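> sequence unknown, structure follows:
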């Protein structure tokens with residue numbers, strides 16, 4: 001969660017120029033890009049990746065229904081003891097491709113909360129995220145503290161990011177995470193009024209501090225709890241993520257062996 005530059009007019013101008021270019025077809029969009037994968041609030045009735053529907057209580061305001069996504073073998077066949085939603089913030093970044101490779105290796109889908117300014121530089125990575133069946137979500141334009149912005153600028157941060165993501169992926173994002181998790185009644189009302197559902201987290205291994213992979217694995221596997229949806233906060237942008245990538249490759253099989261299903265938010 002590294003501080004970003006404040007919202008400025010030149011960022012606004014570059015965003016409009018990029019969004020216009022995408023809308024005009026200057027940037028190629030993957031044909032047949034899938035829409036948002038099954039979420040915890042509608043997956044029980046949706047057609048999606050293999051996995052049995054599971055029901056858990058969540059402290060985050062998420063609907064209790066969820067569909068496990070990915071996984072094969074004996075661990076996947078057991079009745080889940082709980083659910084884990086892997087979420088990645090601040091991308092697309094240099095580490096996103098490696099994160100996707102690890103997720104594909106373990107047949108797990110995750111949710112990527114993307115920044116508009118990062119999408120403007122790495123639109124083809126955003127396309128890969130969507131094409132591989134992951135959930136694409138909105139994380140503002142440049143990670144500004146929304147509580148310090150005018151209502152107009154809050155809308156600008158959200159709507160321009162959503163427009164750019166749709167231009168590259170064909171997906172209209174319906175899920176939002178506030179930068180730093182900071183929100184108030186005003187900003188949450190604005191985001192909800194734009195048709196986005198706000199998602200927070202409840203397991204934060206603080207990978208932005210770049211601890212060892214051993215530490216990250218230990219923090220996640222000891223903090224998840226059975227009988228609920230555990231939303232895990234990780235990062236694929238904002239700095240060196242080699243420890244996150246290494247930890248991810250180890251925590252997924254560990255959690256699966258413990259009986260956790262992987263779900264989307």
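Thanks, I have it. Please read all numbers here as calculations on a predicted model, not as lab measurements.

> When you work out contacts or count neighbours from here on, use the C-alpha atoms and nothing else.
OK.

> I'd like to know the beta-bridge partner residues of the closest residue to residue 198 other than its chain neighbours.
Once flanking residues are discounted, residue 198 sits nearest to residue 176: 4.9 Å by C-alpha to C-alpha, 6 or more residues apart in numbering. Here residue 176 sits in beta bridges with residue 138, residue 198, as judged by DSSP bridges.

> just the helices in this protein please.
Assigned by DSSP state H, the helices in the chain fall at 9-23, 74-77, 96-105, 116-121, 123-131, 151-169, 185-193, 213-223, 242-257.

> which other helices and strands contact the third one?
With contacts defined as 3 or more C-alpha pairs under 8 Å, 6 or more residues apart in numbering; DSSP states H and E, the packing partners of helix 96-105 are helix 123-131, helix 242-257.

> List just the one of these that sits closest to residue 182.
For the helices and strands packed on helix 96-105, the distance to residue 182 is smallest for helix 242-257, at 23.4 Å, taking C-alpha to C-alpha.

> Outside of the closest one itself, list whatever touches it.
75-76, 95, 98-99, 102-103, 106, 207, 210-214, 216-217, 220-221, 234-235 (C-alpha atoms under 8 Å, 6 or more residues apart in numbering).

> which sections of this structure are below the confidence cut-off?
By pLDDT under 70, the low-scoring segments of the chain are 1-78.

> ok, longest strand in it?
Assignment by DSSP state E gives strand 82-91 as the longest strand of the chain.

> one step back: filter the contacts of helix 242-257 down to just the buried residues.
75-76, 95, 98-99, 102-103, 106, 207, 210, 213, 216-217, 220-221, 234-235 (16 or more other C-alpha atoms under 10 Å).

> For residue 82, see how far away residue 89 is.
23 Å (C-alpha to C-alpha, to the nearest Å).

> again with residue 169
Taking C-alpha to C-alpha as the measure, residue 169 falls 31 Å from residue 82.

> So the residue most central in space within the chain versus residue 80, what's the distance?
Central residue of the chain (C-alpha atoms, centre = their mean): residue 112, 2.5 Å from the mean position. Separation of residue 112 from residue 80 (C-alpha to C-alpha): 24 Å.

> Ok, residue 237 next?
31 Å.

> ditto for residue 165
Residue 165 is 33 Å from residue 80, by C-alpha to C-alpha.

> With neighbour numbers in mind, choose between these two.
residue 165 (28 against 22; other C-alpha atoms under 10 Å).

> burial count for residue 143?
Neighbours of residue 143 (other C-alpha under 10 Å): 24.

> Is it correct that it is in contact with residue 179?
Yes - the pair residue 143 / residue 179 is scored as a contact, 5.3 Å apart, by C-alpha atoms under 8 Å.

> Which of the helices of the chain sits closest to residue 265?
helix 123-131 (14.9 Å).

> residues in contact with stretch 219-238?
1-2, 55-58, 81-96, 99, 200-208, 241, 244, 251, 254-255, 260, 265.

> So for it, first residue to last residue, what's the gap.
Counting by C-alpha to C-alpha, you get 20 Å between the two ends of stretch 219-238.
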